[in-house]
Each structure stands twice: as C-alpha cells, then as structure tokens.
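Colleague: Requesting a structural model of the entry that follows:
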Amino acid sequence: MQNNLRILSTKKLQINQRDLLLHAGFRLIEADFITVSPKSTDLSSVKEALIFTSSNAVKSVMQSGEGKKFTGKPCFCVGKKTRLLLERYGFEVVLQKDYATQLAEELTTVHRHRSFTFFCGNLRKNDLPEALTESGIDFNEVEVYTTELTPCKIDTPLQGILFFSPSGVRSFLKSNTISDAVCFCIGTTTAKPLEGLTRNIVIAYNTEIESVIAAVAKHFKKI
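Modeller: Down below sits the predicted model:
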C-alpha cells in the first residue's frame, strides 16, 4: 500500500472507527457534511406498527419524551444500527432489511394487513411511501428530524472519500469535486448521486460504518 494516502470521512467517526484507519496507515480528514436535528412533532396519531429507516428517527422519537409509550408496537426497520438501537430501547423488531426498497417489498406482500406509522426526516426518499401508497396500505408519515446540508471546501488532494448517506454526497458536491478519489459508500442508495460523476465507486459489504472502513483497507491494500 502507498504511504500517506489521504482519506476524507464525510462524518466524524467514533474513536474506535477512526483508529481502524489511522492504525492502517491512512491520513484521515473528518468533517460533518450534514447536521441532523430532532423536530418537535405531534405523536398523537401513531398507528399499529412502526417503520424506522434510520437511527436518527429512533433517537428523535425517544428524545421527544413520548417514545416509551410505543415500545409495545411491532417495528420494521432499515439497517442493523437502527435495529440495535430499537432493541436497546425495548422495542420488538419484527423485520430488518438493508434497504428501504427491500423493506417495502416485504411490507406490501407479507404485512399488507397492518397499518403503519413511518417516522422519517425531511429529506427521506420516496421509495417506501410510494410503494405503500400504490399497494393501498394504511399508513401515515411523521417527520421527527431535519437534515441540513453543511458543505465545506476541502483543499487537500484526496485518494479516498467515505460517504454514509445521499445527503452527505450532495453536501460534499456543493463545494468540491470528486477528481480521482475513490468513493467508498455505505450502500447503493448512497452511491446513487455519484452516478455519472465517477466510476471509482466501492460499495461496502453491508450497511455499517465498519464495513465502509474495511472496504477502504481492502481496496488500497491491492495498490
């Protein structure tokens, strides 16, 4: 592996995650390209079952002070991190999928008899609500957090960039270009905004931050 490879993480990592890159010999730059904030919301019309597509939604519901009264409701979620957080708060997770499209397929076939409340953010993708609507499933959406793009200019040449959400990609591109850097994405949804801009895209084995970091080490070890 080449020495002094510079890697940008578009979100600030936890210490153990950061150490994985530093101990592997990479030079790491970190910046939060998005800011997530809880939103005060009316939670009086929550239906039979709950849908969470991010851990941010879980945190926001629990921070509202009303989350505990929903722990008896079955949950359907996207991502291992989301499932673990729900279980930590005492929720029963009936189904976890890696992508919202996969979850939508299950909900519109196996679980179409249920009614759902979808806890989401202001920049949520359309895939899931559109699938539920087209299938005639009874659901409502409750926006419980907001995502704000916080772009910043990176002047240092980069060999790799870590992306964790489509919003993070869009924020980066507002002030920067990809150039020759390899883009390491947490999933196919995150990689979508990069289509047509670069062919240097590596998608992690699963939708966990550690998998993105492992993809970086594996890719550059070959060089």
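Colleague: so what's M1 scoring on pLDDT?
Modeller: Among the per-residue scores, M1 holds a pLDDT of 55.
Colleague: For N140, grab the count of nearby residues.
Modeller: Counted with other Cβ atoms under 10 Å, the neighbours of N140 add up to 13. Any C-beta I mention is one placed from the backbone N, CA and C, and that applies to glycine too.
Colleague: next one: E148
Modeller: Count around E148 with other Cβ under 10 Å applied: 12.
Colleague: what does the one 5 residues further on give?
Modeller: Close neighbours of K153, defined as other Cβ under 10 Å, add up to 8.
Colleague: which ones are touching the residue nearest the centre of the chain?
Modeller: Nearest residue to the geometric centre of the chain (Cα atoms, centre = their mean): S165, 5.1 Å. Applying Cβ atoms under 8 Å, 6 or more residues apart in numbering to S165 gives the contacts 34, 186, 190.
Colleague: For those residues, give me a markdown table that also has neighbour count.
Modeller: Formatted as a markdown table, these follow (neighbours: other Cβ atoms under 10 Å):
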| residue | neighbour count |
| --- | --- |
| I34 | 21 |
| I186 | 23 |
| T190 | 24 |
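Colleague: Among those residues, name the ones in helices.
Modeller: T190 (DSSP state H).
Colleague: Closest one of the contacts of S165 to N122?
Modeller: Among the contacts of S165, I34 lies closest to N122 (Cβ to Cβ), at 11.5 Å.
Colleague: Domains in this protein, by residue range?
Modeller: 6-33+152-221, 36-147 (automatic domain parsing).
Colleague: For this protein, give me the ranges with low pLDDT.
Modeller: Filtered on pLDDT under 70, the chain yields the residue ranges 1-3, 222-223.
Colleague: and the gap between M62 and P38?
Modeller: 9 Å (Cβ to Cβ, to the nearest Å).
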